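Enquirer: Structure of the sequence below:
(chains A and B, ligands or ions: 3)
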Amino acid sequence: MRQVRLPQTLADLWSLLNKDPTALIFSGGTDLFVKMRADKVAASTMIGLERLAALRDIREDNGDIRIGACATHENILRHPLIAAHLPVLVQALRTLGSPPIRTMGTIGGNICTASPAGDTLPPLYVLRAEVEIASSKGSRSVPIPDFIAGPGQIRLAAGEIVTGVRVKKPAEFNLHHFEKVGQRKSMSCAVAGMAALLRVTPSGAIEACRLAWGSVGPTVMTDAGIENFLTGKILSPDTLSAAARQVTRMVMPIDDVRATADYRRTVSGNLLLRLSGMENPTIELKRQSPSEGM
Amino acid sequence: MNIRFTLNGKAMDLDAAADRRVVDLLREDLGLTGAKEGCGAGECGTCSILVDGEHRLSCLMIAAQLSGRDVVTIEGLSEKDRLHPLQESFIRHGAVQCGFCTPGMIIGAAALLKRNPQPSREEIREGLAGNLCRCTGYQKIVDAVEAALLPEEKL
Ligand SMILES: Cc1cc2nc3c(=O)[nH]c(=O)nc-3n(C[C@H](O)[C@H](O)[C@H](O)COP(=O)(O)OP(=O)(O)OC[C@H]3O[C@@H](n4cnc5c(N)ncnc54)[C@H](O)[C@@H]3O)c2cc1C
Ligand code: FES
Ligand code: FES
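Expert: Ligands and ions are numbered 1, 2, ... in the order given. Model prediction:
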């Protein structure tokens, strides 16, 4: 039997972690408890972060948006600040898991699991999110691409936890888009997914763009060359097709049970083509269609 | 570890291993077999329970997490001898075949109606996307939830 501690204050958390820096941290448990069932985890003490109110809040901070690590996907989806400023994240969260998974799972857990298919990650990359980290000794923050080292690998020292994630309001972008392709709509692990932030003029010129793909490489894939190629061009099927060809060469997918690498390359490029026809952008949220699996 | 919480309206005070899965605690220690273990991995929803009114999966929770919470299982959804309107509606619309998914479906639907008291058909489908049924088919289940919203079906 393992010991389970659910500290209510950060001071209690730090003292528990000082006593046992190798204690197993969990938030919603939706990744960890599945792994534990498959018996891949050994630890004598578990520390749950669910009762730390300080890690749950979502707020404006010096003009930035700060989301606590233990905010659940459902908390984030329902927050007016997120709806108003981060539609790209809302669109991604709508595709994540199922209602109970969104009620239990947290953004901190999604980041720390560092799955190539983690659905919050492509939006957080295009939002240039900073991951906030703390320990009893202090705090630091790192850009998300520097925090995630590889599939399931994060740069977190013993005794440290992720306390939240911070993004600047992407006021300069008027088009937010996220799409994930999977074998069914709910609870599917993505075959490929793409997050996009663009600034498009009324005449259709792309003035700025950021793009990120999930599930098609060891971590989220981005490419400044492709972003530069698109910047200054008209958002047209021709431009997008030319960029999509570059995307199929840039991504580094693998074959697995869900799809072949070739298929993933093609889908990664095609996801970009979806931006065609979005010349009259709005940052209003688009509804996702209902679950096909039902 | 000593764990105090409310279960179906009753104050509980029990000793359990802190890392015991809640689905095992409910079924094996407390004899509440309504919540079922289908997949044990968060995918099927048969183990659904309400924790502080929210839809959670008892296969992905451990006993320590119950401390101080208000837990409702399918056994606690009806009031005395009166079935919950969703239970009535599931019976009336033939939304039950083998019944394995039914407790989870009804808990999931109850949580949905709490979040959104007037869901569209599409929203009902989305709301139950984490609950799998392998025999009735989803039409009748969605019909039953939809009908539970209609005043004449309300008991
Ligand atoms: C049925 C099912 C469907 C799913 N579908 C999707 C999906 O569509 N898309 C998707 O992206 N994911 C999906 N997931 C995965 C999972 O739900 C998400 O990754 C979720 O966000 C994990 O959050 P959590 O709080 O439950 O993490 P936990 O399981 O609590 O933790 C995950 C890992 O992160 C560590 N950790 C957690 N919080 C912190 C912290 N604050 N600081 C340091 N380390 C921490 C833990 O030690 C553990 O290693 C699914 C899972 C299940 C079971
Ligand atoms: S048994 Fe819990 S979701 Fe399947
Ligand atoms: S009634 Fe048999 S699984 Fe749904």
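
Enquirer: How about residues contacting stretch A:9-18?
Expert: Residues from elsewhere that reach stretch A:9-18 (CB atoms under 8 Å, 6 or more residues apart in numbering or on different chains): A:5, A:7, A:23, A:45, A:47, A:49, A:52, A:54, A:134-136, A:159, A:161. Every C-beta, even on glycine, is put in place using the N, C-alpha and C of the backbone.

Enquirer: likewise stretch B:70-89?
Expert: Stretch B:70-89 has contacts (CB under 8 Å, 6+ apart) with B:5-9, B:26, B:32, B:34-35, B:49-53, B:91, B:95, B:103, B:106-107, B:109-110, B:113, B:144-145, B:147-148, B:153-155.

Enquirer: in stretch B:16-33, what's buried?
Expert: B:16-27, B:30, B:32 (16 or more other CB atoms under 10 Å in any protein chain shown).

Enquirer: circling back to that earlier point, hmm, which of the contacts of stretch B:70-89 are the buried ones?
Expert: Here, 16+ other CB under 10 Å leaves B:5-8, B:26, B:32, B:34-35, B:49-51, B:95, B:103, B:106-107, B:109-110, B:113, B:144-145, B:147-148, B:153 buried among these.

Enquirer: Restricted to strands, list those residues.
Expert: Among these, the residues falling in strands (DSSP state E) are B:5-7, B:49-51.

Enquirer: Please parse the chain into its domains.
Expert: Defaulting to chain A. Annotated domains of chain A cover A:3-168, A:175-273 [automatic domain parsing].

Enquirer: other chain: chain B
Expert: Under the assignment automatic domain parsing, the domains of chain B span B:2-77, B:85-154.

Enquirer: Check the ones you listed for me: which has the lowest mean pLDDT.
Expert: Of all the domains of chain B, the minimum mean pLDDT falls on domain B:85-154 (a mean of 93).

Enquirer: show me where the chain has strands.
Expert: Using chain A here. All strands of chain A, identified by DSSP E, fall at A:3-5, A:24-26, A:45-48, A:58-61, A:64-68, A:130-135, A:138-143, A:148-150, A:153-154, A:161-168, A:175-181, A:192-200, A:206-214.

Enquirer: oops, chain B please
Expert: Applying DSSP E to chain B gives strands spanning B:2-7, B:10-15, B:48-51, B:54-57, B:70-72.

Enquirer: Take those strands and write them to a markdown table, including distance to ligand 2.
Expert: Listed next are the strands of chain B as a markdown table, based on distance: least, CB to the nearest ligand atom, whole Å:
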| stretch | distance to ligand 2 |
| --- | --- |
| strand B:2-7 | 18 |
| strand B:10-15 | 21 |
| strand B:48-51 | 7 |
| strand B:54-57 | 4 |
| strand B:70-72 | 15 |
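
Enquirer: so which of those strands comes closest to ligand 3?
Expert: strand B:48-51 (12.8 Å; CB to the nearest ligand atom).

Enquirer: That closest one: partners in the sheet, and parallel or antiparallel?
Expert: Strand B:48-51 has its sheet partners listed here by DSSP bridges as strand B:54-57 (antiparallel), strand B:70-72 (antiparallel).

Enquirer: Output the ones you listed in CSV; the columns should cover mean neighbour count.
Expert: Below are those laid out as CSV (neighbours: other CB atoms under 10 Å in any protein chain shown):
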stretch, mean neighbour count
strand B:54-57, 26
strand B:70-72, 19
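
Enquirer: Export the ones you listed to TSV and append columns for distance to ligand 1.
Expert: Formatted as TSV, those follow (distance: least, CB to the nearest ligand atom, whole Å):
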stretch	distance to ligand 1
strand B:54-57	8
strand B:70-72	19
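
Enquirer: Which residue would you name as the spatial centre of chain B?
Expert: For chain B, residue B:107 is the residue whose C-alpha lies nearest the centre (CA atoms, centre = their mean; 2.6 Å).

Enquirer: quick one, what contacts it?
Expert: Going by CB under 8 Å, 6+ apart, residue B:107 touches B:35, B:48-50, B:55, B:72-74, B:77.

Enquirer: Swap in 6 Å and give it another go.
Expert: Residues in contact with residue B:107 (CB atoms under 6 Å, 6 or more residues apart in numbering or on different chains) are B:48, B:74.

Enquirer: Could you do the one 4 residues further on as well?
Expert: When contacts are counted by CB under 6 Å, 6+ apart, residue B:111 touches residue B:55.

Enquirer: which one is the closest residue to chain A within chain B nearest to, not counting chain neighbours?
Expert: Of all residues in chain B, the one sitting closest to chain A is residue B:130 (2.7 Å; CB to the nearest CB). Computed as CB to CB, 6 or more residues apart in numbering or on different chains, the closest residue to residue B:130 that is not its neighbour in sequence is residue A:98, at 2.7 Å.

Enquirer: the bottom helix or strand of chain A by mean pLDDT?
Expert: helix A:32-37 (a mean of 91; mean pLDDT, DSSP states H and E).

Enquirer: how about it against ligand 1, any contact?
Expert: Yes: counting by CB under 6 Å from any ligand atom, ligand 1 is contacted by helix A:32-37 at A:32, A:34.

Enquirer: Give me the residues contacting that helix.
Expert: Identification of contacts with helix A:32-37 by CB under 6 Å, 6+ apart yields A:26, A:41, B:40-41, B:60.

Enquirer: between these, which is closest to ligand 3?
Expert: For the contacts of helix A:32-37, the nearest to ligand 3 is residue B:40 (16.0 Å; CB to the nearest ligand atom).

Enquirer: so what's that closest one up against?
Expert: Shown in contact with residue B:40 (CB under 6 Å, 6+ apart): A:37, B:59.

Enquirer: how near is it to residue A:196?
Expert: Between residue B:40 and residue A:196 the computed distance is 37 Å (CB to CB, to the nearest Å).

Enquirer: Next: residue A:235.
Expert: Distance of residue A:235 to residue A:196, computed by CB to CB: 11 Å.

Enquirer: between these two, who's got more neighbours?
Expert: For residue A:235 versus residue A:196, the count of surrounding residues by other CB atoms under 10 Å in any protein chain shown is larger for residue A:196: 26 against 22.

Enquirer: what does chain B have sitting close to chain A?
Expert: Within chain B, the positions lying close to chain A (CB under 6 Å from any CB of the partner chain) are B:17-19, B:40-42, B:54-57, B:60, B:64, B:122, B:125-127, B:129-130, B:138.

Enquirer: Go through those residues and flag which are in helices.
Expert: Among these, the residues falling in helices (DSSP state H) are B:122, B:125-127, B:138.
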